[in-house]
Every structure is written in structure tokens, then in C-alpha cells.
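K.L.:
sequence first, predicted model second:
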Amino acid sequence: MDLLMFMFVTVIPVISDGLIVHGPSGPLVAPLGSSVVLPCSVDELLSVEGLEVEWRRTDSETLVHLYQDGESRTEAQQQDYQDRAHFFTDQIQHGNFSLRLDNLRAEDEGQYKCKVYIQQESGETVVQIKVNVERLRVSGSDQHISASVGEDVTLSCSVDSHIPPGDFEEVSWKKTDEDIQVLLYQDNEAHSSNERYIDRVELFPAEIPKGNFSLRLKSIRTEDKGVYMCEVFAGGLSANATVVLEQLGFSVVHIMMLILCISASGSALLLFCLIYCRSPTKGLFSQQTYGHYFNLGSSVVMPCHVDECLLKKKLKVEWRRKDTKTLVHLYEDGETRSEKQHKDYQDRADFFTDDVQHGNFSLRLDNLRAADAGEYICTVHSDLSTVTRTAKTSLVPQFKVKGSSGNKTVPLGGSVVLPCEVDESLLQKSLKVEWRRTDSETLVHLYEDGESQPKKQHKDYHHRAHFITEKIKDGDFSIRLEKLRAEDAGKYTCKVYSDQDCVYSADAELEILRFDVQCSCHTLAPLGSSVVLPSYKYKPLPVEDLKVKWEKVDATVHLYQDGETQAEAQQQDYQNRAHFFTDQIQHGDFSLRLDDLRAEDEGKYTCTVYSQQKSVFSAKTNLEQRLLDTAFRLQMFLVFCPNVLMFLAFVLWGVSEGSLFESVSCCALYFLRPLTLLWTAPYINNFTGKIKTWVRVFSFRAEYIVFSAVFYSVLFKSAWDKSLNYAGFEGVMIIVLFVMVILFNLFYIIYLLLRLIGKSSQQVITIFNVLAGISFDVLPSLQFILLFVAFGSAKGGFIIVAVLPVFTTATRYNWDLTCGQQMGCSPAVRRSVWLTLMILINAILVYFYITALENVKDRFGWTCVIVFLQSLWALVNFTRSFTFALARVVAVYVFGSVGVVLLNSVALMTELILKTVNGEGATGDMRIIVFSSEFLFTLILMILMVFEPWITPCLQSCTKAMKSRRAAAAGSQNQESQNAAADSATGSNQKQNQNQNPTESHEMNPLLNTQNQENSRSAGTEETQLDSVVSQS
């Protein structure tokens, strides 16, 4: 028959020489022959060097066990305790010196003293064991439990006692190696207060009456590995049992995370290779503007050029209007098809027939009419892999009210006033004033019953046609027509009625006086290929005294004078690369073909035509460097792909390992950071229209405001978890602050969406613009207050009430206006003062944030997130305080898009492997690495913006010097190769020159530059790496 012994343990923490040693928290009872754990631990063990731990009986000073010189000294044990008393050796480094005493005997009753020596300090605790007649036995699992990550396990704990289940005072489950309370059962309720185990642990309610307090641990994580103790308190007694959860292996979730991280790293490296690859991924985008307007009745040339390599294929060229898809002209089956033209363009739209063989499909439109206003698209189809090329020309009308004084015209989108004035004597009667289109009787606007009637307007004129209200009392019923469209041209009638009789009538005509022509080519010319810079005079000029000069800044690209080209006048960089179409100059074609395109060819080119020493014509073409369409789409994909993969990896990290706050913060960052990457990208000019404007102005703001909303939500969740300890007013205060913060964030987000979509009225956009400005000014203070309330800190009261409003007010000024124009400060002074003030403000704010977080376990992770958020706030604040430009340095873009992703993916994989193998990671919180690296990237962007006026010229000077050296080296190699080729082929060249067709002269034949092109490519392989060192926004 088993003899059961009840042992009462008293805990006596002893402070000796400054070292605090802790014992168990309550009485322990164990039967004869079983095992009992005598707890003994310190809060934090800095080093095991010089560590010595003694367990002795206090009554006889018998040595129960000894730890010395880094190991258990079993040979020093009293013989009665050999093979029965054991340390938890692997836990000693964590400060756990508990002793497990096996095969309990009756003579083991008594007091035990645990004494710890660490270098010059020592401390002890005494455990007293007494025999009681009551019986309480707790049993766990005899064997270690193992499971894979993500699985559920059951940790056994059963009570064998005569005590009724209702008399159990408390049952607690603890993780002894980390001193974490996993679950507490008290007053017939079980709950977990530790964040790691919330919603992951539970008892079996149906088994509790049977004395079964086994614990179900769900979705196991790597940090769950360790020793768990089930401790039962009943009738003033206690007993415990331990269960060991062994080392865990890789799960399916872990393998998926590793695959995602490796894929993210691979795609980031692919982006790096694409940026610095030597194959041509860039090209030049051409856009032409004329130096004059085209009057009605004149002619205009709309350019469209095709690569000569496509001319041998089955080619189809269409010119159509963009709005109506009307066919303006067609080239098909090797000839123009005028019979398929729309009747409005027959005998008015023509190709340059003689130039078609050279790929010139420009269209001359004669006898310009008002109805010609609009966009025209040239589309080229070839059977060569279904190649499609497009070019666009816009005829932008210039309006004028017929009969108005002066020659001033109003552009498309502007506003005009259509006059209508009546005698003041008629104002004494009840008047009705109608404005209508004369051609269609469309009601433009109506004045009736003493007020305007906008609801009766035709929908095309809503919010565009307005009476000038303040002038109606003087008899002026003129209307202002805003946001002019091409279809607004025509005649308008103003009729004034009194008692159903028309007492006054006036006509006004809005006419299109002339056109502004805007040309753009949507097909990029790759570096190394050729591009045509168009310049046409619709009426040929006499060749005598004709001078045509193409210039780039102050450099002469090419010159035509005295009836021939003047190659010796060209700048050296353009010799043998820039060519006129010599035989077409007499027909008014002054276009220039630029071969062997280089990155440094980017810029503005001006063609000026002189006749009889007077400038009679000019045209401008801007060559802008952009990525080729395929390279652009691939880079866009590779910007989003690694970040999306890391987003998914952190989702799985949150499911298997990380905390809620850690995973949500990291996921939000990787979901939003492509917005800032697009803003810093050197290829930002590849975007067009509203998307380009939004990316350049609002993308980084969107990341700040959306991430702020996520951050506040996480903060609110953390505060809500603690709100059980708050009084009612404090809980209400947290909810009110959170609602205010989210509301202000929502205002800003709506404003950003309105600017992106652009379909709302200007009034709505203005309202949300004001609300967005208020939100940006208020959010830092609300964020500060919410954080202090959430974490229950009262140390920031003074700065919240007195200091913070002053600081935030100082950051809201337009420094360029206030300090620059009004105070006369230089850019260096005002930017330096702003930067100093911003560093001071953020340093103070971060200090108080850290103060508020001093009692939070994961305070380092919270601090890193807050520091990043403050840096992003400072970046956005700078754009509101100064007229800004970002020096887009490729190395910085590579660091943000490639370097940061590589660093974080490797860190995540390392953390995962360490936690799986050792049960403990390197950092413990991935936010420390993720947000520290992102803060560094943001800080570099801030430096580039603040010091941009000095950084950009410096980078441009360095780039120009490097390109000059390369160009000189390439020119030397080209000259040597050309001399060698000329010596070996003199005879054959002379023979070919005798039989050469005049239209295939040196001015036209690109094959004569083949060797030069190849040499320049081989000599300039570095060029593709340096051509985007800096791109000014």
C-alpha cells in the first residue's frame, strides 16, 4: 500500500549582497516514490562565469547537489541523493536552478536551502517540506511530447485525490523555463493573460469534474518548446507535475515561408540585374512642339515615321481621329488608298509620296477647319510578329469671341465671356433671359423669377455656363463659359423677354481662330537605333539664301547652308550620326535623322529655318529617356513581386510564429512600400497622365497615411487588450481617440482617391483638400496622445499640453514663402534651420515614445515602428514646406527595391531556422530589422530632398565628366577602326560610289555607320549603367 506524503513549501526569497533568488509560489505535495520540483531561480543571469549553486538540507548541511565550474558535480553529492537529485542543466543559463528530486522517501522531509553564488554576489532561498495527513497527487506525462509546428498537442495533468473538484482553489499551467503563466483556472473559469497564448490554450471542461486538468495547446510555434508545469492548489496544499515539449521540426507553413523568402530574394536580384544589365533596356521618347500657331485655312504636318526594317514586310498605316475613329488616310498594299478616306478629308489629307519609301508616313492636312480640332492617331501594322507602332498629334484649338477687341485668344480648357447687356429701364419689369445655341436651340442658361435656373440647363453646360451675378443689377446678362471644349465653337443667342414678348436680342459667336499643334511619339526608339526629329514647313521655301540649323542647347547638331550640308559645323558628338533628308529640303522637309542613339542624346532640340537672313520657321523636339515598354513592364512587375511575396511570408509568420502586432505591422509595410519605390524610380517619366501626377505627388503620402491608419488600429488593439484594467472613463477616452484618428485618416485617404480618379467636382476636391491638410496637422498630436493613453503613461502630460502644439505649429509653415520671399533667407539657411528643427522635434517625440513604452515587453519593436513613422512624417512635411524635387539616384533606388528586400528576407529565414532548431531566434522581433532598414531608406530620401539643390549639380558634373572621358575613348577607337577599314576597302568603295543612287547618299544611308555603331556600343558598354545616375524630376 502506497504511503502518500503531503509536503508544505514556504517560499522565502532572500536578498544577500544584492542578488534576489526566488523559490516556488505556493505549497507542493507529492506522494512517496514520485518526483517533485523544488524551484529556485533569479530574474536575469548575465553570465555563467563564476556561477556556483548549492542545494543543502538545513538541518544537517547535507549536500543534496552542486553546480560548479559550468557542470553538475554529482561526485560531491551525498550518497542518499545520487541518481535522485538533478538540475535542469539546459535551463541554468536562463537563471533556472530548480532541483528535481525523484523517488521521494519519508526521510526527505525537511528544509532545503538553494544558495547561488555569482562572482561577488550571492543569494539564497529556503524550501520547507512538512508531512501532512491529507493526500494530493498530481501526475503528468512520463514521456516527452513532440509535434510539428502548426499542430495541436495535449499536455496531460490529472489529480488523484479524495478532495472534491469544487474544493480546488486554483490550477495554473506555467512554462517554467521562461516563467510564463500559460493558463489560470480559478473560480470555475479558465483564461490566459499572456499575449503569446491568448486563444491558443484551453482545458477540457467536461473532464474537470473528473480531476483532469490537461491542457490543449493549439497551432504550436517553435517558441512553445520547453518544460510546462501543472500546479494544483486545494485545501491549503499544492502539488505539481511537469510535461516536456521536445524540439519541434519544420512544418508545411515553415517550408512555404522559406520558398516565399527565397522567391522574393530571387526576384529582387533579377531586378538588380535588369537595372544594370548591358543589353539595351532604354530608349528615347520624342515629343514635338511648333514655335507658332496654325491659322484656319493653312496646312499642318502631323509626323509619323517607321523603322526602315519594317518596310519590306506587309505594311498597313492608318491615320484616324481618336474621338470618332474616322479614317483620315490609309496606306496599304504598297500604295495610298484615298478612296477609303472619309469624305471630310478627301483632297485635304495626303502622304508625302516620295518619302514613303524611307519610312516617312507623316500626313499633311490642308485647309484647316474648326472641325479638325482633336487628336489624330497614326497606327502602323506589320506582319513581322504583328508589330504595332503608334504616333499621336493633337490639334488644340485657340478660341476667340468674334468682334472682341485685341488679338488675345483663349486655349482649350479656358473661359470666355459672351456679352449681353440690356437697357437699365427694362430691369423694372419681370425679365426672363435665355441663352441658346443658334444651331441647335440647346439651352445654355436661363435667368427667370429674379434668379438663375441652373437645373434647366442642358447637361453639357452644367457647372460650365454661369451668369455674372454681381453685374445683373446693371443690366449685364453676359455669361461666362468655362472649361472650353472644341465643340463649344459656334453661334449663341441671348434673348430677353418681358411679359412673354422678346424685348431684346443679341448674338455672340465663339470661333476657333487657330490651332496649337502638339505631337508625341508613343513608340520608344531603343538606344543604338535611329530616330527622326520632324520639322516641316507646309509651304516650300526658295532654296536660295536658305539656312536650316538644328541645335541642342548651344551645340550645333547639323547645319544646312548655301545649298549643302555643313558637316564641319557639327559638334564632334554628332558627326556621322546626324543627317538631313537632303533631297527633301526643297519640298519643305527639314527633318533630321539621328543615328546610333545614346543616353546623352536626351534633351531639347530646336530647328530654326532662315530665309533671306530672317527666321521664318521653328520647331522643337524633346527627346526624353525612358525604359522600353517591355523593360518597363518587367521592372514594374519586379518592384511589386518581391514585396508581395514578403507580404505573404509575414502573413504566414504571424500565423505560425510572430505576434499579432509584429506581423500586421510588417505586412502593412510590405503592402504599401511599392508606392514609395515608384516615386523614387528613375523611370517615373514612363508613367503618363493622372497616374504620373499621382505617383510623383501623392504616392509617398498615401503610404504614410494608410500605414498610420494601420498603426493606430494595432495600437488600439493593444490598448483594448489592456482596457480590462482601465476605469470606465479611460476606456471611453481610448475609443474616442481611436475614432478621431481613423476619421482624420479617412479624410486624407478620400482626398488621395479623388486626386487619382479625378472625376469629382473641383468643389468636392477642395473640401477634402482642406480636410486632408487639417488631418495631417492634427494626426501627430493625436498619435502621441493615443500612445500615452494606450500604454498608461503619465510622464508625457507636459509635452502633450504645452510643448507639442508649439513644435507642430512651427512645421506647418511654407518656408519658401515665409523665410524665402518675406524674410529674404537663402535656400541653404532655411533648409538648414528646418532640418535642425525637424531633428529636434523628432528626437523629443521619440524620447517620450520610448518613455511611454518602457514597461512594454516588445518596446524595441514598437520603437522601431514609431521611428520609421516619424521619419515618413518628416518626409511628407518637407514636401508641404518647400518647393521640392527629388534627385533620383539609381543606387538609392536599388537599395530600396533590392537591398532592403534581400536584407529582410535573409533575416526572416535566419530567424525562422534559429527558432525551429534552437527554440529561440536572434532578434525576437522582426520589426527591429524590417523597420530599421526601412528607416534608413527613408532617411536617405530625406537627405536627397533637403540637399537636392547641391546634390543634383554635383552628380550631373560627375556624370558629364565620366561621359566625356568615355566619348573621347570611343572616338579614338572608332577613328582607328575606320582608318583600318578605309585602307583595306578603298578600291571597292570607289566602285560602289560611282554606281550609287543619289537618294542613297551618305546623308541617307545608315549602313555607312554600321562599323561606327558597333564600335561605340563595344566601347560604351558601361553607358547603360551610368545613363541614369541621376534624373531630375
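P.N.:
Everything's here; your move.
K.L.:
surely residue 940 is in contact with residue 893?
P.N.:
No. Look at residue 940 against residue 893 with CB atoms under 8 Å: they stay out of range, at 10.3 Å. The C-beta positions use only the backbone N, C-alpha and C, and glycine is treated the same way.
K.L.:
mind checking which of those two has more residues around it?
P.N.:
residue 893 (23 against 16; other CB atoms under 10 Å).
K.L.:
tell me the secondary structure at that one.
P.N.:
Look at residue 893: counting by DSSP: H, G, I helix; E, B strand; the rest coil, its state is helix.
K.L.:
ok, it - contacts?
P.N.:
Residues counted as contacts of residue 893 (CB atoms under 8 Å, 6 or more residues apart in numbering) are 275, 677, 680, 681, 682.
K.L.:
find the centremost residue of the chain, please.
P.N.:
residue 675 (2.1 Å; CA atoms, centre = their mean).
K.L.:
separation between it and residue 640?
P.N.:
Residue 675 sits 10 Å away from residue 640, going by CB to CB, to the nearest Å.
K.L.:
sorry, back to before: residues contacting the residue nearest to the centre of the chain?
P.N.:
Residues in contact with residue 675 (CB under 8 Å, 6+ apart) are 695, 699, 700, 702, 703.
K.L.:
tell me the SS of it?
P.N.:
Residue 675 is classified as helix under three-state DSSP.
K.L.:
so, low pLDDT: which residues of the stretch 251-400 of the chain?
P.N.:
Applying pLDDT under 70 to the stretch 251-400 of the chain flags residues 278-281, 290-292, 307-313, 383-390.
K.L.:
so where do the helices sit in it?
P.N.:
In the stretch 251-400 of the chain, the helices defined using DSSP state H, counting those that start in this stretch lie at 252-276.
K.L.:
now the stretch 101-250 of the chain
P.N.:
Using DSSP H, counting those that start in this stretch, helices in the stretch 101-250 of the chain do not occur.
K.L.:
could you list the low-confidence segments of it?
P.N.:
Residues of the stretch 101-250 of the chain that meet the cut-off, pLDDT under 70, sit at 106, 129-136, 161-167, 235-236, 247-249.
K.L.:
where exactly do the strands run in it?
P.N.:
Ranges of strands in the stretch 101-250 of the chain, per DSSP state E, counting those that start in this stretch, are 110-118, 121-129, 136-139, 153-155, 158-161, 168-175, 180-186, 189-191, 201-202, 215-217, 226-234, 237-245.
K.L.:
can you pull out the helices in the stretch 501-650 of the chain?
P.N.:
Under DSSP H, counting those that start in this stretch, the stretch 501-650 of the chain gives helices at 629-656.
K.L.:
so, low pLDDT: which residues of it?
P.N.:
Using pLDDT under 70, the stretch 501-650 of the chain drops low at 520-524, 538, 629.
K.L.:
re the thing from before, which one of the contacts of residue 675 sits closest to residue 493?
P.N.:
residue 695 (46.4 Å; CB to CB).
K.L.:
between the strands of the stretch 101-250 of the chain, which one is closest to residue 745.
P.N.:
Set against residue 745 and scored by CB to CB, the strands of the stretch 101-250 of the chain come closest in strand 189-191, at 33.2 Å.
K.L.:
contacts for that closest one next, please.
P.N.:
Contacts of strand 189-191 (CB under 8 Å, 6+ apart): 183, 184, 202, 203.
K.L.:
state the pair within those that is farthest apart.
P.N.:
Greatest spatial distance among those (CB to CB): 184 and 202, at 12.4 Å.
K.L.:
so in terms of bridging, what pairs with residue 443?
P.N.:
residue 436 (DSSP bridges).
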